[in-house]
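1. Fold the following.
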Amino acid sequence: MFNNINLYQCLCLLAILFVSCNGKSDFNIITSGDKTKPGVVTNIKVTNTPGGANISYTLPNSPNVLYVQATYISNDRNVVQTKKASYLLDSMRLRGFQKSQDYKVSLKVVTNANVSSDSVVVTVHPETPPYLIASETASLTPDFGGPYVTAINTDTSEAVQYVILYFDSTTQTYQHFYQAYSKDSLMEYNVRGFPSEPSKFAVYYTDQYGNASDTTYSTLTPLPEIKLDKSLFRTYVLASDAPANWPVSQLWDERYSADGGSDASSDWRGISTTGFPVVCTFDMGVTAKLSRFIYWPRLGTWPWQNENCQHFAIWGSNVANPHDAQLPLQSERGDVVGDWTNLGNFEPPAKPSGLPMGQTTAADQAFAAAGFEYGLSSQNPPVRYIRFEALDSYTGITNNITAELTFYGNTAW
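-> Now for the predicted structure:
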């Protein structure tokens, strides 16, 4: 009896699969034999937006309306664009216009018999597109190893791409250096790696619709950058610092593990009895405008787990003998707490292997052993004193282990 039931179930399943695979080919196609010409859209209203326009309308009282189609040319390349909006909607959003000027948009109603109405032509006048505003506000100023490139994005719902170029004296041409899309209201990027001598740079902006701005050119001399001398570093213990199981001075001893692997006894280990943040403080011995730093977590098999932090902040002060302050768990770059300024918030990069926590490959371990490098904004003030603030840990343990910190910048600011 059991075998008969199983056989019956299998035959039913095969029958279902056969019907599914051999159904009518036009099963999902909406068709109609009604060839009646539909009416046009009415009560059209246009709301212009940056680089686009929103068009609302009333659909005709016609049977079988399937969609409204807009046809228009959005740029000087005379490429015809189309946009369709379902009969369930009473508006459509057009994007990608090249500039702020009049554009003609043709609107047609289409039925599910593929019959179109007469055209209704409306005029839209988009506001200045975000990529052009970015170009108009573009700035290249001298920074460590290259220019600090900034621009304003007034519409953070739209991504703007910036493309940075440098002049190659060998080929006597501008070459591509870096590009990225951004939705940030302040788009910024620090170019690195160029000598401190007069150099030519350029930037232009594009959008996702193929529009590109004019190019902004600048000749500038990048600021020189040095590695700060760790022999000048000293401990500077404050009351809110975490008690150290292994001393803070091991953050700058150029030893990244005690045994070349997982032994962390050559690292700094802060132990908190009150929860996060876990903080330590030290004196660099010289005031510097910092450009970047390299952070080494506990190495060997330990990165991306245990007492290593997932998020941390760097604070700085140039006040003589700065006072203690309880640092917050949440802050933004530039925030000031007492004598201390937030220089940036950071997190380790993703594990290359993508393995779950507690598992690493040799390549993962080598990646961490090279240290994680982070840029610091040239808008930060010069500082002499540093506070490292661990905001959490991978497993929630309220301790932190950090192997080493190395800072770069300019002491002749």
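2. switch to C-alpha atoms for all contacts and neighbour counts from now on
-> Noted.
3. partners of G316 in the sheet?
-> Note on G316: beta-bridge partners T341, I386, judged by DSSP bridges.
4. how many neighbours does it have?
-> If you count neighbours by other C-alpha atoms under 10 Å, G316 ends up with 26.
5. Same question for A362.
-> By other C-alpha under 10 Å, 10 other residues sit near A362.
6. Backbone dihedrals for F367, please?
-> Main-chain torsions, F367, degrees, to the nearest 10: phi -60, psi -50.
7. Apart from its chain neighbours, what residue comes closest to it?
-> Spatially, and ignoring its direct neighbours in sequence, F367 is nearest to P352 (7.9 Å; C-alpha to C-alpha, 6 or more residues apart in numbering).
8. in terms of contact, does Y67 touch T111 like I think?
-> Yes. At 6.9 Å, Y67 counts as touching T111 under the criterion of C-alpha atoms under 8 Å.
9. coming back round to it: mind listing what the residue nearest to F367 touches?
-> Going by C-alpha atoms under 8 Å, 6 or more residues apart in numbering, P352 touches A363, D364, F367.
10. Who has more neighbours out of Y67 and T111?
-> Neighbour count, other C-alpha under 10 Å: between Y67 and T111, T111 has more, with 25 against 22.
11. wait, the more buried one sits on V40?
-> No. Using C-alpha under 8 Å, T111 makes no contact with V40, being 11.5 Å away.
12. Look up how far F233 lies from L329.
-> 26 Å (C-alpha to C-alpha, to the nearest Å).
13. more crowded one of those two?
-> Using other C-alpha under 10 Å as the criterion, L329 and F233 rank with F233 on top: 19 against 14.
14. for that one, phi and psi?
-> Backbone torsions for F233, taken as degrees, to the nearest 10, come to phi -70, psi 140.
15. what about it, distance to L132?
-> Taken as C-alpha to C-alpha, the span from F233 to L132 is 47 Å.
16. Repeat that for G146.
-> Going from G146 to L132 by C-alpha to C-alpha gives 24 Å.
17. Give the rounded mean pLDDT of whichever helix or strand A202 is part of.
-> A202 is part of strand 199-206, with elements assigned from DSSP states H and E. For strand 199-206, the per-residue pLDDT values average out at 98.
18. Could you do stretch 271-290 as well?
-> Mean predicted confidence for stretch 271-290 is 96.
19. Can you mark which positions in that stretch are buried?
-> For stretch 271-290, the neighbour count (16 or more other C-alpha atoms under 10 Å) marks 271-272, 276-285, 287-290 as buried.
20. Just give me the longest strand of this protein.
-> Looking across the chain with DSSP state E, the single longest strand is strand 278-297.
21. packing partners for that one?
-> Here strand 278-297 touches strand 234-235, strand 268-271, helix 362-369, strand 372-375, strand 383-390, strand 399-410, going by 3 or more C-alpha pairs under 8 Å, 6 or more residues apart in numbering; DSSP states H and E.
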